[in-house]
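Asks: Sequence plus predicted model, see below.
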Amino acid sequence: MAEKEDVRASLSHASALPEGGFVAVEAIIDGEYESIILHRDGDDWRAWLNVCPHAGRRLDYLPGKFLIDKGLLVCAAHGAQFRTTDGECVAGPCRGSHLRAVAVEVADGEVVLSGSSAPRT
């Protein structure tokens, strides 16, 4: 039963993040606490594990603070640049790799993990 509660746990109130904004939140995925990046693009929400595929480090330069350059999410450690539409690295040491997507949805005004608690690859 606890696993189902984890899946429906609120990650953020949908109105709390401004259009185009990014925030880091913690969630339980496969029984482990993970840092997740939430991004709001109009009514669309995207989420990824807060882990750069290049060296396995967090992307934020301070907890929950992200570098954005010309609409791309930038890894603070090595400068890899990721599209916010699909998480693909378009410049830097992991070009062609993708951030690990996490399925989210808005339910009753809250952003929650959707479906399975496992991240999509």
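Replies: Noted; the coordinates are in hand. Residues are numbered from 1 along each chain as shown.

Asks: low-scoring stretches of the chain, by residue?
Replies: Applying pLDDT under 70 to the chain picks out residues 1-11, 13-14, 115-121.

Asks: what do you get if the cut-off is 90, keeping everything else the same?
Replies: Applying pLDDT under 90 to the chain flags residues 1-21, 26-32, 42-44, 64, 105-121.

Asks: Now for Arg83, how many residues are close by?
Replies: 14 (other C-beta atoms under 10 Å). C-beta here means a position set from N, CA and C on the backbone, and glycine is covered the same way.

Asks: Enumerate the positions of the longest strand anywhere in the chain that are buried.
Replies: Taking DSSP state E as the criterion, the chain has its longest strand at strand 32-41. Buried residues in strand 32-41, counted by 16 or more other C-beta atoms under 10 Å: 34-40.

Asks: Following the chain past that strand, name the next helix or strand.
Replies: Per DSSP states H and E, the first helix or strand lying C-terminal to strand 32-41 is strand 44-49.

Asks: Same question for that next one: list its buried residues.
Replies: Neighbour-count burial for strand 44-49 [16+ other C-beta under 10 Å]: 45-49.

Asks: List of residues touching it?
Replies: Residues from elsewhere that reach strand 44-49 (C-beta atoms under 8 Å, 6 or more residues apart in numbering): 11, 14, 29, 34-39, 84-85, 87, 99-106, 111, 119.

Asks: circling back: what separates the longest strand of the chain from the chain centre, distance-wise?
Replies: Distance of strand 32-41 from its chain centroid, counting by C-alpha atoms, centre = their mean, to the nearest Å, is 3 Å.

Asks: Cheers, nothing more for now.
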